[in-house]
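# got a sequence here, can you build the structure:
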Amino acid sequence: MNDKVLDQQLESIFQRLSQLREAPISLAELTLGVEEISTALKEIQITNMDIRRQGLEALKVSENPNQTILDAIKAHVAVLDKDGTIIAVNDAWKQFARSNGDPSLAHTCEGVNYLTVCRRAVSRGSHEAAQALDGLQSVLAGVENCFTLEYPCHAPTKEAWYILQAAPLNGGYEGAVVIHIDITARRLAEEMLLQEHNLLRTLIDNLPDYIYFKDIKSRFIVANRALAQIMGAESPDDMVGKTDFDYYPDEIATEYYSDEQTIFIDGQPLVGKEEPHLDSMGNRRWMLTTKIPLKNEAGEVIGLVGISRDITERKKIELEKEQLINDISQHRQQLRALTGRLAEAQETERKNLARELHDQVGQSLTALNLNLSAVRTRIKNSPPQSMETTMSLIDDSLALLEQTTECIQDVMADLRPPVLDDYGLVAAIRWYGEQLVGRVMFKFTVKGREPTPRLAPAKEHTLFRIAQEALLNVAKHAQAQKVTVIVETEEELVRIVVIDDGLGFELQRPIDQFSWGLLTMKERAEAIGGRWQIESKLTQGTRLTVEVPR
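Now for the predicted structure:
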């Protein structure tokens, strides 16, 4: 296309010259025509120069395709001859030399000896330049097949790092290829990663817990100092590549390994497991362990992180507490057994005492009553002057005898109410409540029927005594207007409920005489395998519930 433009310009000039030669014109017109032709010739000259430059560039590419390849490389590339003189560089090399700001680099292009440039840098105290000089000389001398060096190359406005690589030319050529690759991004990432690593290491090494990372074969890849110390390792690095089988008995190591393989398969964490442990001295300890799977970007499990906390002291306290609870439970069972036997002994003693009072004292009182009655009858026939005084004494004796007999009957009833043996639990509770109402004014009601079949005597007596104690507490402390006792019978248990509308009380009150009465009822119920519950609030009355198995 440039040839066509040039031909058109030449044709235009020839036409203008012909016009000037054939037609008469003034001096001014002639001057103007010459100027036009001169301008056209200049344009032709410029066009011809462009065509020549383009031709030279095309010729250069066709004659040296290697330069085109070098310029396409983004790394900084220079080709040295056997003496270290630069014989070719790419555009990236030139651009860096111009923009780096170092005058000594601005002319490190073709014809400059690169070794000399390095020596000047060495003279300024550059340690990296000394390394580069030694490496390049070794490559050019054929001593080394490759030389690599990482070095800083900071510009005035930013920091940068490069990697220098040098290798000898092949194909019978003497010299070397030098490449500088910008690794700033990688270096910054490495420094950031190193900082994070140091931060993590500082953190885990100063924690009292035992922290570690493992691969999918359960090999340690990271461990903190606390773990290394308790495992007996010289250092955390000494544990890398080892497994629990290197430190624990097979039984413990197998348990750890099994748990970890389950984590690798299921991908689920193991949280808060109490595990046995042996320290480096062989002492048995306990650990509270959590293990969490580590996953890659694809979601695949590639390892785990574990955190263990020594809970030996806590476990020791728990075991001591458990032992103490067991001891208390055992003593309590013994106390209940003793309470039961004591209750049985009390009932037996009450029964024996009631029988003795009935058989001996009662009979004696009856005989005395009969004797006094007979004496009274005989005295009636005595002389009048002595009969009045004697009769008065006998009447006083009979009245006192009657009161004593009633008192003994009441004592006998309290010791062993005959109604309990003869008619059962409900009748006995009703009888006692009615006796109590005679001394304390409140409305008393009993609801329910006798359990059928009747309870065993020991359970029946115990329930009566509990109801008796509860009613006595109401009479002494509650100031109740209404008291109800409910006896309920189910297939497997008998329940007694005592309800009053009295003053009520705080369940957390300090232990006093009233509280001891409650404890006695509770122990009586538990001694026969029953349950005891009390509900009460101030001014809202009290509800006592006792359940015993049939």
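
# C-alpha from now on. contacts and neighbour counts both.
OK.

# how about the helices in the stretch 301-450 of the chain?
Along the stretch 301-450 of the chain, the stretches classed as helices by DSSP state H, counting those that start in this stretch are 312-356, 362-379, 384-415, 418-423, 425-437.

# quick check: mean pLDDT of the third one?
For helix 384-415, the mean per-residue pLDDT is 68.

# ditto for the last one
Computed over helix 425-437, the mean pLDDT rounds to 90.

# what is it packed up against?
Under the contact definition 3 or more C-alpha pairs under 8 Å, 6 or more residues apart in numbering; DSSP states H and E, helix 425-437 sits against helix 418-423, strand 443-448, helix 457-473.

# contacting residues around that helix?
Contacts with helix 425-437, where a contact means C-alpha atoms under 8 Å, 6 or more residues apart in numbering, come from 417, 419-420, 443-446, 448-450, 460-461, 463-464, 467-468, 471-472, 475, 487.

# how many neighbours does Val497 have?
When counting by other C-alpha atoms under 10 Å, one arrives at 19 neighbours for Val497.

# dig out what the residue nearest to it when sequence neighbours are not counted forms beta bridges with.
Closest residue in space to Val497, ignoring its immediate chain neighbours: Thr545 at 4.5 Å, by C-alpha to C-alpha, 6 or more residues apart in numbering. Beta-bridge pairing for Thr545 (DSSP bridges): Val497, Gln533.

# gap between the longest strand along the chain and the chain center?
Longest strand of the chain, by residue count under DSSP state E: strand 284-295. With C-alpha atoms, centre = their mean, to the nearest Å as the basis, strand 284-295 stands 11 Å off its chain's centre.

# which helices and strands does that strand pack with?
Partner elements for strand 284-295 (3+ C-alpha pairs under 8 Å, 6+ apart): helix 250-266, strand 270-278, strand 301-310, helix 312-356.

# next one: Phe147 from Ser123, what distance?
Remark: distance between Phe147 and Ser123 (C-alpha to C-alpha, to the nearest Å) = 22 Å.

# and stretch 174-186, average pLDDT?
pLDDT averaged over stretch 174-186 gives 90.

# over to stretch 506-514?
Across stretch 506-514, pLDDT averages out at 62.

# and stretch 276-294, by the same measure?
Mean predicted lDDT for stretch 276-294 stands at 88.

# how far is that stretch from where the chain is centred?
A distance of 17 Å separates the centroid of the chain from that of stretch 276-294, by C-alpha atoms, centre = their mean.

# and the residue nearest to Phe245 when sequence neighbours are not counted, how many residues sit next to it?
Distances taken as C-alpha to C-alpha, 6+ apart place Ala253 nearest to Phe245, at 5.3 Å, with adjacent residues excluded. By other C-alpha under 10 Å, 16 other residues sit near Ala253.

# confirm for me that Ala253 is in contact with Lys242.
No. With contact defined as C-alpha atoms under 8 Å, Ala253 does not reach Lys242; the gap is 12.0 Å.

# okay, and the common contacts of the two?
Common neighbours of Ala253 and Lys242 (C-alpha under 8 Å, 6+ apart) do not exist.

# okay, now the domains of the chain?
Listed domain ranges for the chain are 2-63, 67-182, 190-310, 319-416, 419-549 (source: automatic domain parsing).

# rounded mean pLDDT for stretch 471-490, please.
Averaging pLDDT along stretch 471-490 gives 92.

# what's the span of it, first residue to last?
So stretch 471-490: terminal residues 24 Å apart, C-alpha to C-alpha.

# repeat that for stretch 69-86.
OK, stretch 69-86 end separation, C-alpha to C-alpha: 17 Å.

# report the buried residues of that stretch.
The neighbour-count check on stretch 69-86 (16 or more other C-alpha atoms under 10 Å) flags 70-71, 75-82, 84-86 as buried.

# can you give the distance of that stretch from its chain's centre?
On C-alpha atoms, centre = their mean, the centre of stretch 69-86 falls 60 Å from the chain's centre.

# can you offset everything so residue one is 451?
Fine by me, first position is 451 from now on; the one you just mentioned is stretch 519-536.

# how about residues contacting that stretch?
Under C-alpha under 8 Å, 6+ apart, the answer for stretch 519-536 is 537-543, 546, 558-565, 590, 624-632.

# just to be sure, which of those residues are found in helices?
Using DSSP state H, the subset of the contacts of stretch 519-536 located in helices is 541-543, 546, 564-565, 590.

# just the buried residues out of these, in ChimeraX syntax.
Entered in ChimeraX, the line below selects the buried ones among these, by 16+ other C-alpha under 10 Å:
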select :541,542,543,564,565,590
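
# so which of the ones in helices among the contacts of stretch 519-536 is the closest to Ile761?
Nearest to Ile761 out of the ones in helices among the contacts of stretch 519-536 is Phe546 (C-alpha to C-alpha; 62.4 Å).

# next up, the contacts around the closest one.
Contacts of Phe546 (C-alpha under 8 Å, 6+ apart): His526.

# ok, it to Leu565 distance?
Here the criterion is C-alpha to C-alpha. By it, Phe546 lies 18 Å from Leu565.

# one more: Met891?
Separation of Met891 from Leu565 (C-alpha to C-alpha) stands at 124 Å.

# the stretch 451-600 of the chain: strands as residue ranges?
Per DSSP state E, counting those that start in this stretch, the stretch 451-600 of the chain carries strands over the ranges 526-530, 536-539, 597-602.
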